[in-house]
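S.K.: I'd like to go over a predicted model; first the sequence, then the structure.
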Amino acid sequence: MSAQEEKIKLEERDRTLQEIANRLGVRAERGRRFAELTSLRVGGSIDWVISPETEAQAAAIVYELEQAGIGWRALGSGSNVLADDGEHHYVVLSLSDMKGEVRVEGDCVSVSAGYSLPRLCIDVARQGLSGIEGLGALWMNAGAYGHEIGTVTEIVRVAREGKVAEIPGDSVQWNYRHSSFKEGELLLGATLRLLHDDPDQIRARMDDAKSRRLATQPHGARSAGCFFKNPPASTTGTGKIIDEMGMKGARRGTAVVSPVHANFIVTEGENARAEDALALAEEIRERVRREQGIELEYEVELWRANQPTKQVTGEVASEDRDVDEKGKEQQP
Ligand SMILES: Cc1cc2nc3c(=O)[nH]c(=O)nc-3n(C[C@H](O)[C@H](O)[C@H](O)COP(=O)(O)OP(=O)(O)OC[C@H]3O[C@@H](n4cnc5c(N)ncnc54)[C@H](O)[C@@H]3O)c2cc1C
C-alpha cells in the first residue's frame, strides 16, 4: 500500500472510530503517548486511546471496533508493557476509567477490570477477606509469595458479541504468569472467592509483603517489575544470574539495571527512551547467552509500533523471585 493509500485508510478509520465513540458515549482521545500510560514512562505516540467507564460500554465498543475491522489492544495500568518509541497506529483500549463498584456478598467480591488491585486488597482486608493481598492482574495470572489470582477466581466477565458474558474461573487454565485467554479477549471484571480471616492478621501479612518488596525491589523507580522470565531449567533466578555477572548499575542512555534488583530495568529523566531500555535488555541477554549458555525470555511485553499484534513471548511466563531459606525462589 502506498503512503497516500495508507493515509486515506487511516482517515477513514478515524471517522468511523469517532462516530462509534460518540454514539456509545465513550471518551476517545488523540495525541496520547505510551510514556504517559506505562510504568516505565517510555514509548511513542498512540493513534487513539479510548476509555470506557463501564463493563457494558467496553463490551459494546470492542464489538463495534471488530465489526468495523479496527484493531485494538487492552491496556490496564501499563505495568508490564514496554512500547517502543515509534508511532503506534492502533487503538488502545484503556481500562483505567473502568473502576465500577466493588460488591461484596459473603466471601465473594466482584470487581471491574480498572479497579486498582492494591486498593481492592485494602478494601477487602478491612472486611476480613483475604487471599489476594499482593497480587496483580488476571491476564497474566499475576502472583506473589505463593498466591496466584487465578486460584481465587470464581467468575470472569468477558466481552462477547457486544455483551458482558460470564465464564467460570475453573474453565480457564491458570499457569505460571499466564492464562489461557486468547489474544483479542477483553476481560471486563471478575468475581473472586476469598477467605474469611482476622483483619489484623491480613493487615500484618500485607505489611510483611510490602516490607519484603521494599527491601528487595527499587522503590519509587520507573520499572515494569521483572524484565525477564526465570529460565525454566535453572534453579537460579534471573535476577541473581544478572547480579552475579556484575551488571547491577549497568547503563544504556536513560535506562539502568537497578542497583537494588538486577532483573529490574529502570528508566530515568523526562526524555527516557524505550530504545535505551531495549538496548540494555539485549545487552543483558547477549551476556547471559555468552557466559551462561541461557536464552533469557522477556517477561515484559514488547509492543512494537510496526507490529499490529502483540509479540508472543512464550507459553510459560515467570516473575523473578528471591531465594527463600529452602533455596526455592519466591515472588518479590
Ligand atoms: C514494581 C513492580 C512490581 C511487580 N511485581 C509483580 C509481581 O510480584 N508479580 C507479578 O505477577 N507481576 C508483577 N509486576 C508486573 C505487573 O504489575 C503485573 O503483571 C500486572 O498484573 C500487570 O497488570 P496491568 O494492568 O499493569 O497490565 P498491563 O501492563 O496494562 O497489560 C499487560 C497485558 O495484559 C493485557 N491486559 C490488561 N488488561 C486486560 C484486560 N482487561 N483484558 C484483556 N487483556 C488485558 C494487556 O493487553 C497486556 O497484554 C510488577 C510490576 C511492577 C511495576
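M.R.: Great, that's in hand.

S.K.: and the residue of the stretch 201-332 of the chain that's closest to the ligand?
M.R.: Nearest to the ligand, among the residues of the stretch 201-332 of the chain, is G225, at 2.5 Å (C-beta to the nearest ligand atom). Every residue, glycine included, has its C-beta placed from N, CA and C.

S.K.: any idea how many residues pack against that residue?
M.R.: 21 (other C-beta atoms under 10 Å).

S.K.: my read is that it contacts N80, right?
M.R.: Yes. G225 lies in contact with N80 (C-beta atoms under 8 Å); the separation is 6.6 Å.

S.K.: give me the common contacts of the two.
M.R.: Common neighbours of G225 and N80 (criterion: C-beta atoms under 8 Å, 6 or more residues apart in numbering): E299, V300.

S.K.: three-state assignment of the residue of the stretch 201-332 of the chain closest to the ligand?
M.R.: coil (DSSP: H, G, I helix; E, B strand; the rest coil).

S.K.: report pLDDT for it.
M.R.: On pLDDT, G225 comes in at 93.

S.K.: report the contact partners of it.
M.R.: Contact analysis of G225 by C-beta under 8 Å, 6+ apart lists S79, N80, F264, E299, V300, E319.

S.K.: which of those scores worst on pLDDT?
M.R.: Ranked by pLDDT, these bottom out at E319 (36).

S.K.: which residues does I50 contact?
M.R.: L17, A21, V26, R27, A28, E29, I61, W72, V91, V92, L93, S94.

S.K.: what strand or helix carries it?
M.R.: Taking DSSP states H and E as the criterion, I50 maps to strand 45-51.

S.K.: C-alpha coordinates for the very next helix or strand once past that strand, PDB please?
M.R.: Helices and strands here follow DSSP H and E; after strand 45-51, the next one along the chain is helix 55-67. Extracted in PDB, the C-alpha atoms of helix 55-67 (Å, rounded to 0.1, in the frame of the first residue of the first chain):
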ATOM      1  CA  GLU A  55     -18.200  -3.100  31.500                       C
ATOM      2  CA  ALA A  56     -21.200  -2.900  29.200                       C
ATOM      3  CA  GLN A  57     -19.700   0.100  27.400                       C
ATOM      4  CA  ALA A  58     -16.400  -1.800  27.000                       C
ATOM      5  CA  ALA A  59     -18.100  -4.900  25.600                       C
ATOM      6  CA  ALA A  60     -20.100  -2.800  23.200                       C
ATOM      7  CA  ILE A  61     -17.200  -0.800  21.900                       C
ATOM      8  CA  VAL A  62     -14.900  -3.700  21.200                       C
ATOM      9  CA  TYR A  63     -17.700  -5.400  19.300                       C
ATOM     10  CA  GLU A  64     -18.200  -2.300  17.100                       C
ATOM     11  CA  LEU A  65     -14.500  -1.900  16.500                       C
ATOM     12  CA  GLU A  66     -14.200  -5.500  15.400                       C
ATOM     13  CA  GLN A  67     -17.200  -5.200  13.200                       C
END
